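Asker: no sequence for this one, just the structure:
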């Protein structure tokens, strides 16, 4: 970044502005996603952030880095959105012909949406600061992002800026127009709140590395079992405490026995699927295509798997509107 580029951007040069902003666009998008829990809401917040930056560039004095200044704008945009926006409402059960078992509970974060791994490239312009507590893989996981949504907005902002991105307390205080003492207090409360909603499972095996032979093996078994409607083989891959959710439908299922009955209800209805592999939130994911009477398979959703060792400990199903974000078509010829 040079003074000349900033001067040209301040004078209205759109190309110069893009030179300044583009290196930070992906990481700002990811920041907004963590704050909002919704890919669409994050996109809206990002666009508002870029507009504010364009219109307010004259106010950038260079006392902090351009990156820090952009995070200040993005964080406050997300805070305003979380305080004022009405979240996406829960939907009724909408799977034709399937009568599911009684659910364990109703989930609160029905606005949750997946984040495509393809957009994670370039989302780490700078490594997290030395105070960061979470690796990127953990801090983008669906379980972590879900837990964040249950905290008060200001606590979410402080925890992300401090424990995920590693900004100093004084930098966060400046971003939020707060004192260092209030930032530290909010961080303490956020950590306690997150611990209650996102307790690290001490006895759970870590997930295998992305694209490792271990991950590929369990993914291949799942695809084979699901596409052949083999309930027993699906259930054999699950942990005892496996968890299933399906936002924006609020129904949640916990435990192998109940999830087994849930999976059985889908296959007993005669539904048969092809799966198209992709990745979301650092986790294996699949576009789910239902066999249709016309000879094609029609996209009905996206599955995201959470792995623990050589087992699946969570399955999250999203509606088919997310498929284009992953470069997946709404329908495709059925595989023979």
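Answerer: Okay, I see it. All values derive from a computational prediction rather than experimental measurement.

Asker: so where's this structure shaky on pLDDT?
Answerer: By pLDDT under 70, the low-scoring segments of the chain are 1, 85, 125, 199-203, 336.

Asker: quick one: buried residues of the helix ranked longest in it?
Answerer: For the chain, the helix reaching the highest residue count under DSSP state H is reported as helix 14-36. Residues 16-17, 19-21, 24-36 are the ones in helix 14-36 that count as buried (16 or more other CB atoms under 10 Å). Every C-beta, even on glycine, is put in place using the N, C-alpha and C of the backbone.

Asker: again, but for stretch 168-175
Answerer: 168-169, 171-175.

Asker: against residue 37, how distant is the nearest residue to residue 82 once chain neighbours are set aside?
Answerer: Once flanking residues are discounted, residue 82 sits nearest to residue 153: 4.2 Å by CB to CB, 6 or more residues apart in numbering. Distance from residue 153 to residue 37, counting by CB to CB, to the nearest Å: 11 Å.

Asker: those two: which is more packed in?
Answerer: Neighbours were counted for residue 153 and for residue 37 using other CB atoms under 10 Å; residue 37 has more, 24 against 18.

Asker: and the gap between that one and residue 137?
Answerer: Distance of residue 37 to residue 137, given as CB to CB: 18 Å.

Asker: could you point out the helix or strand that follows the longest strand along the chain?
Answerer: With secondary structure taken from DSSP state E, the chain has its longest strand at strand 296-308. Sequence-wise, the next helix or strand downstream of strand 296-308 (DSSP states H and E) is strand 311-318.

Asker: check which helices and strands that following strand sits against.
Answerer: Identification of packing neighbours for strand 311-318 by 3 or more CB pairs under 8 Å, 6 or more residues apart in numbering; DSSP states H and E yields helix 142-149, helix 213-227, strand 238-246, strand 296-308.

Asker: rerun that using 10 Å as the cut-off
Answerer: helix 142-149, helix 213-227, helix 231-236, strand 238-246, strand 249-254, helix 256-268, strand 283-291, strand 296-308 (3 or more CB pairs under 10 Å, 6 or more residues apart in numbering; DSSP states H and E).

Asker: listing partners with orientation, what would you give for the next helix or strand after that strand?
Answerer: For strand 311-318, the following helix or strand on the C-terminal side (DSSP H and E) is strand 331-333. If you go by DSSP bridges, strand 331-333 pairs up with strand 296-308 (antiparallel).

Asker: following the longest helix of the chain, which helix or strand comes up?
Answerer: helix 39-56.

Asker: buried ones in that next one?
Answerer: Residues 39, 41-42, 44-46, 48-50, 52-53 are the ones in helix 39-56 that count as buried (16+ other CB under 10 Å).

Asker: what's the answer for stretch 110-120, then?
Answerer: In stretch 110-120, counting by 16+ other CB under 10 Å, buried: 110-117, 119-120.

Asker: ok, so of these, who is nearest residue 193?
Answerer: residue 112 (17.7 Å; CB to CB).

Asker: residue contacts, that closest one?
Answerer: 36-39, 88, 142, 145-146, 149, 245-248, 316, 318 (CB atoms under 10 Å, 6 or more residues apart in numbering).

Asker: could you look up the SS state of it?
Answerer: Look at residue 112: counting by DSSP: H, G, I helix; E, B strand; the rest coil, its state is coil.

Asker: and the gap between it and residue 52?
Answerer: For residue 112, the distance to residue 52 (CB to CB) stands at 26 Å.

Asker: count the neighbours of residue 102 for me.
Answerer: By the measure other CB under 10 Å, the count of residues near residue 102 is 9.

Asker: ok, it touching residue 252?
Answerer: No. With contacts counted by CB atoms under 10 Å, residue 102 stays clear of residue 252, the gap being 11.4 Å.

Asker: so what sits against both of those two?
Answerer: In contact with both residue 102 and residue 252: residue 258, using CB under 10 Å, 6+ apart.

Asker: quick revisit: check the helices and strands packed on strand 311-318 for me and report the most buried one.
Answerer: Most buried of these by mean neighbour count (mean count of other CB atoms under 10 Å) is strand 283-291; its value is a mean of 23.

Asker: name every strand pairing with that strand and say which way it goes.
Answerer: strand 273-280 (antiparallel), strand 296-308 (antiparallel).

Asker: circling back to that earlier point, name the residues contacting each of residue 153 and residue 37.
Answerer: Residues touching both residue 153 and residue 37 by CB under 10 Å, 6+ apart: residue 82.

Asker: residues contacting residue 150?
Answerer: Contacts of residue 150 (CB under 10 Å, 6+ apart): 37, 108-109, 156, 193-194, 196-198.
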